[in-house]
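>>> sequence-free structure coming up:
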DNA sequence: ACCTGAACACCGTTCAAGT
DNA sequence: ACCTGAACACCGTTCAAGT
């Protein structure tokens, strides 16, 4: 708040004339970062529509990386997700054949998939002493005993800074584009399987 | 730190004799919460092993919900994920046939899946004025125009407090067990598809 | 209507001083 | 070796006072 006030050239307390509290600002920030992630009107290609949604969410966060931890890990940020987004996702899943409790589950899967990878990918670094922390991460894994952790030791060169946990930068400096593509493939194929076993489709069999 | 010191009946500054800073404690907390999530020695049933991993991670977070936002959305928490966990996941994916870059992608998918749903499910509520916030969420969706958002309006009774975004409690008070099961099914089937298209298996065709 | 300015009740962390 | 105690540089938020 104080920093924001400084950039606005007012006293910190002036902000409270326009906004009830800090959380309201955070929700508005999330809303702004995600305001244009919704794909064009849902077609009958629900797989393609979901793929677009996942990629557009990632683009929104990539443009405003500080919202990652907010949108993916804080309930306040729900205020930043518009009813239209929810309605469209439900519409698309409904068109995919999901109904009742199955639709709810599919919806929860979609939201979790949408936020999951990206929240981790753009997770903020520790604020202070970044170089020391980076070295300690590198060291933990490089000094990990090759006999105790043989597979890790073998793949370490491929993983360093390109794999979750085994990295010291986040998606801003070291994006995981290809892994994200694989992730979206996994989710869409998994949802396809889920759609194929809902009652309506089973009745058609 | 000050609250922790109070429960330890020491001055806040005494803590710094044992620990370099707050982040080190947070990493240790994550480590403790997740220390026993690793399934028994990897068998050849990599699907079953991954299912267990996902469920045990959720159990760990369910027992210590405050680590959700840490483990899923902050890079410091990487220090709380043990090399053994990484090595085992890589071992299992290797046994599933993943190699090279594909193994890295599968690994990233597994970590993202493991943390994604659960981070959102146990996302902390806003600290202050919980009832006011809860009413505002409820109101946002109940007053959402049924003509503008027809599908949302229709499914709202099924969704309220049981679906991401459309809720005012987190997994501590309103767990999403069935949706999580669907999520794990989606992930495992998706990974199965991914495994079936890696080079080694294509060569066998 | 909109902002200042003082004040309150907090933070994490340092460093010298005690025992 | 381990803790106290003062101090520093921060927070978000309130409320009365100004214009």
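Ah, there it is. Please read all numbers here as calculations on a predicted model, not as lab measurements.
>>> Show me which residues of chain A are close to DNA strand D?
A:1-3, A:12-13, A:16, A:21-23 (CB under 7 Å from any atom of the strand). Using the backbone N, CA and C atoms, a C-beta is placed for each residue, glycine as well.
>>> Relative to residue A:143, which of the residues you listed is nearest.
residue A:3 (38.6 Å; CB to CB).
>>> So for the strand or helix carrying the closest one, what gets flagged as buried?
According to DSSP states H and E, residue A:3 maps onto helix A:2-8. Within helix A:2-8, no residue counts as buried by 16 or more other CB atoms under 10 Å in any protein chain shown.
>>> ok, residues contacting that helix?
Helix A:2-8 is contacted from outside by A:11-15, A:25, using CB atoms under 8 Å, 6 or more residues apart in numbering or on different chains.
>>> and DNA strand C, which of the residues of chain A next to DNA strand D reach it?
A:12-13.
>>> Selection in PyMOL covering whichever of the residues of chain A next to DNA strand D are buried, please.
With 16+ other CB under 10 Å as the burial test, the buried ones among those are selected in PyMOL as follows:
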select buried, chain A and resi 23
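>>> what angle sits between whichever helix in chain A runs longest and helix B:100-121?
In chain A, assigned by DSSP state H, the helix with the most residues is helix A:100-121. Helix A:100-121 runs at 110 degrees relative to helix B:100-121, counting by axes from the mean of the first three to the mean of the last three CA atoms, to 10 degrees.
>>> thinking again about what came up before, tabulate the contacts of helix A:2-8 (JSON lines), appending secondary structure and pLDDT.
Output for the contacts of helix A:2-8, formatted as JSON lines (DSSP: H, G, I helix; E, B strand; the rest coil; pLDDT from 0 to 100):
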{"residue": "A:11", "secondary structure": "coil", "pLDDT": "97"}
{"residue": "A:12", "secondary structure": "helix", "pLDDT": "97"}
{"residue": "A:13", "secondary structure": "helix", "pLDDT": "97"}
{"residue": "A:14", "secondary structure": "helix", "pLDDT": "98"}
{"residue": "A:15", "secondary structure": "helix", "pLDDT": "98"}
{"residue": "A:25", "secondary structure": "helix", "pLDDT": "96"}
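>>> distance of residue A:98 from residue B:85?
34 Å (CB to CB, to the nearest Å).
>>> More neighbours: the two, which one.
Between residue A:98 and residue B:85, counted using other CB atoms under 10 Å in any protein chain shown, the more crowded position is residue A:98 (24 against 20).
>>> close enough to count as contact, that one and residue A:195?
Yes. Using CB atoms under 8 Å, residue A:98 is in contact with residue A:195, at 6.5 Å.
>>> related to what we said a few turns ago, the longest helix of chain A: which residues count as buried?
A:102-121.
>>> do the same with stretch A:171-180
Buried residues in stretch A:171-180, counted by 16+ other CB under 10 Å: A:171, A:175-176, A:179-180.
>>> Can that stretch be said to contact chain B?
Yes. Stretch A:171-180 reaches chain B (CB under 8 Å from any CB of the partner chain) through A:176, A:178-179.
>>> can you pull the contacts of the residue nearest to the spatial centre of chain A?
Centroid check for chain A by CA atoms, centre = their mean gives residue A:115 as the closest residue, at 2.7 Å. By CB under 8 Å, 6+ apart, the contact list for residue A:115 reads A:57, A:71-72, B:116, B:119-120.
>>> For chain A, which residue gets nearest to chain B?
Scanning chain A for proximity to chain B using CB to the nearest CB identifies residue A:116 as nearest, at 2.1 Å.
>>> Skipping its backbone neighbours, what lies nearest residue A:81 in space?
Leaving out its chain neighbours, the residue that sits closest to residue A:81 by CB to CB, 6 or more residues apart in numbering or on different chains is residue B:165, at 4.8 Å.
>>> For the one you found, which three-state class applies?
coil (DSSP: H, G, I helix; E, B strand; the rest coil).
>>> who's in contact with it?
By CB under 8 Å, 6+ apart, the neighbours of residue B:165 are A:78, A:81, A:86, A:111.
>>> Swap in 10 Å and give it another go.
When contacts are counted by CB atoms under 10 Å, 6 or more residues apart in numbering or on different chains, residue B:165 touches A:75, A:77-83, A:85-86, A:89, A:107-108, A:111, A:115, B:120, B:137, B:140-141, B:159.
>>> Thought residue A:49 was touching residue A:41, still the case?
Yes. Assessed by CB atoms under 10 Å, residue A:41 is found in contact with residue A:49 at 9.2 Å.
>>> Can you give the domain ranges for chain A?
A:2-124+A:176-196, A:129-169 (automatic domain parsing).
>>> rank the ones you listed by pLDDT, which is bottom?
Among these, domain A:129-169 carries the lowest mean pLDDT, a mean of 90.
>>> is any part of that one close to DNA strand C?
No. Shown here: domain A:129-169 not in contact with DNA strand C (CB under 7 Å from any atom of the strand), separated by at least 8.8 Å.
>>> Can you get me a residue count around residue A:17?
7.
>>> Is residue A:167 in contact with residue A:160, as I believe?
Yes. Using CB under 10 Å, residue A:167 is in contact with residue A:160, at 7.2 Å.
>>> Could I get the full set of helices for chain A?
A:2-8, A:22-33, A:46-63, A:68-73, A:83-95, A:100-121, A:130-142, A:150-159, A:177-195, A:199-204.
>>> so which of those helices gets nearest residue B:146?
helix A:83-95 (10.3 Å).
>>> Save the helices of chain A as JSON lines, and put in distance to residue B:185 too.
Supplementary listing: these in JSON lines, determined by distance: least, CB to CB, whole Å:
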{"stretch": "helix A:2-8", "distance to residue B:185": "44"}
{"stretch": "helix A:22-33", "distance to residue B:185": "29"}
{"stretch": "helix A:46-63", "distance to residue B:185": "17"}
{"stretch": "helix A:68-73", "distance to residue B:185": "22"}
{"stretch": "helix A:83-95", "distance to residue B:185": "16"}
{"stretch": "helix A:100-121", "distance to residue B:185": "9"}
{"stretch": "helix A:130-142", "distance to residue B:185": "32"}
{"stretch": "helix A:150-159", "distance to residue B:185": "27"}
{"stretch": "helix A:177-195", "distance to residue B:185": "7"}
{"stretch": "helix A:199-204", "distance to residue B:185": "15"}
